[in-house]
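**Q** Fold the following for me, if possible:
(one chain, ligands or ions: 1)
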Amino acid sequence: AVVVSIRCRKSSVSPRQLRLLGKTFRTAAVGREEYKAVCAVPIDAPLGAQPLEIVLADRRTVTRTLTVRKGDYGEEHLRLPAEMANPTSPAHLKQIKNDRRRLRRAYGSSAALIRFSHPFTMPLSSTIITPFGRRRYLNDIPKSPHGGIDLRGKTGTPVPAAAGGRVAFSGRLYYSGNAVIIDHGLDIFSLYLHLNSIAVAVGEQVKQGQIIGTVGSTGRVTGPHLHWGIKVNGIFVDPLEFIKESRLLLQPVGEE
Ligand SMILES: [Zn+2]
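**A** Numbering: from 1, shown residues only. Alright, predicted model coming up:
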């Protein structure tokens, strides 16, 4: 993810949205004549210089260049029972389809404002078992790259919210098990998956550090851990990088 800071003196040409690689990103007014946005590129994005378009209130666009660099995330092979790895039963497929619909609704709920006032923190300070972006093979079948980080944790360990926000999703999903998703504004969401128990409900405002559930091993997992993810406008980004970006997002334009 990358934080874009814009200073604009005339409100008639204030930046309304940003366009990058076919995606539209919202901007938030953060002060007098100051605007911020968080852009993200998917892990399989084309490399090199990419145009970043800033769409102004009068519909004109200003173009800047963003350079996408290659990341090296490695790969891993996992073994799981066949039905868990690649579900074929009608009941499971129906649930997975239903999960997608519920998640789409949850991710559609963000607004053009920043809902947190302190930079993100790691929910657990434990070892990272699986880093972000690792390409995974389940029973030798390639799956999407790891969309977050897996943090070591015993079942029942309390899980605090990484930053303030509003609970966008709270419930059980086929792959993710018991899941909590927090909306931090500007289409930034944090995900806490495979929980043993859930302590918050949809619509609830949570503070940074508030316990949202406990570590567990629900969903498609091989053992208890916390999967912590950050999604920006539909794109999973490296949570460790995002902690740094969240600091920039909260700093006044020009002082980052
Ligand atoms: Zn994970």
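**Q** How about the secondary structure of the residue in the stretch 51-200 of the chain that the ion sits nearest to?
**A** Residue nearest to the ion within the stretch 51-200 of the chain (C-beta to the ion): residue 150, separated by 4.2 Å. All C-beta spots, glycine's among them, are computed from the backbone N, C-alpha and C. Secondary structure for residue 150, judged by DSSP: H, G, I helix; E, B strand; the rest coil, is strand.
**Q** so what's it up against?
**A** Counting by C-beta atoms under 8 Å, 6 or more residues apart in numbering, residue 150 touches 128, 129, 130, 225, 226, 227, 228.
**Q** how about the closest residue to the ion within the chain, secondary structure?
**A** The nearest approach of the chain to the ion comes at residue 227, 3.4 Å away (C-beta to the ion). What three-state DSSP gives for residue 227 is strand.
**Q** burial of it, as a residue count?
**A** For residue 227, the neighbour count with other C-beta atoms under 10 Å is 23.
**Q** before we move on, the earlier item: need the contacts of residue 150 in JSON lines with pLDDT, can you?
**A** Converted to JSON lines, the contacts of residue 150 look like this (pLDDT from 0 to 100):
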{"residue": "128", "pLDDT": "96"}
{"residue": "129", "pLDDT": "94"}
{"residue": "130", "pLDDT": "93"}
{"residue": "225", "pLDDT": "97"}
{"residue": "226", "pLDDT": "98"}
{"residue": "227", "pLDDT": "98"}
{"residue": "228", "pLDDT": "98"}
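**Q** Would you mind giving the residues you listed as CSV with distance to residue 162 added?
**A** Shown next, in CSV, are the contacts of residue 150 (distance: C-beta to C-beta, whole Å):
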residue, distance to residue 162
128, 14
129, 18
130, 18
225, 16
226, 11
227, 13
228, 7
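**Q** which of those residues lies closest to residue 89?
**A** Among the contacts of residue 150, residue 227 lies closest to residue 89 (C-beta to C-beta), at 23.7 Å.
**Q** what's that closest one in contact with, if anything?
**A** 148, 149, 150, 151, 176, 191, 192, 193, 194 are the contacts of residue 227 under C-beta under 8 Å, 6+ apart.
**Q** try it again with 7 Å
**A** Residue 227 makes contact with 148, 150, 193, 194, according to C-beta atoms under 7 Å, 6 or more residues apart in numbering.
**Q** Name all residues that make contact with the last one.
**A** This points to residue 194. 176, 177, 216, 217, 218, 219, 221, 225, 227.
**Q** Kindly report the same for the third one.
**A** By C-beta under 7 Å, 6+ apart, residue 193 lies in contact with 176, 177, 179, 219, 227.
**Q** If you rank these by neighbours, which is first?
**A** residue 179 (26 neighbours).
**Q** Which parts of the lowest-mean-pLDDT helix or strand in the chain count as buried, going by neighbours?
**A** Lowest by mean pLDDT, DSSP states H and E among the helices and strands of the chain is helix 82-85, with a mean of 83. Within helix 82-85, the residues scored as buried using 16 or more other C-beta atoms under 10 Å are 84, 85.
**Q** hey, what's the residue nearest the centre of the chain bridged with?
**A** Closest residue to the average C-alpha location of the chain: residue 231 at 1.7 Å, with C-alpha atoms, centre = their mean. Per DSSP bridges, the residues bridged to residue 231 are residue 189, residue 236.
**Q** Please report the confidence value the model assigns to it.
**A** Model confidence at residue 231, given as pLDDT, is 97.
**Q** ditto for residue 92
**A** Note on residue 92: pLDDT of 93.
**Q** Skip ahead from the host helix or strand of it and say which helix or strand is next.
**A** Using DSSP states H and E, residue 92 sits within helix 90-107. Going down the chain from helix 90-107, the next helix or strand is strand 128-130, by DSSP H and E.
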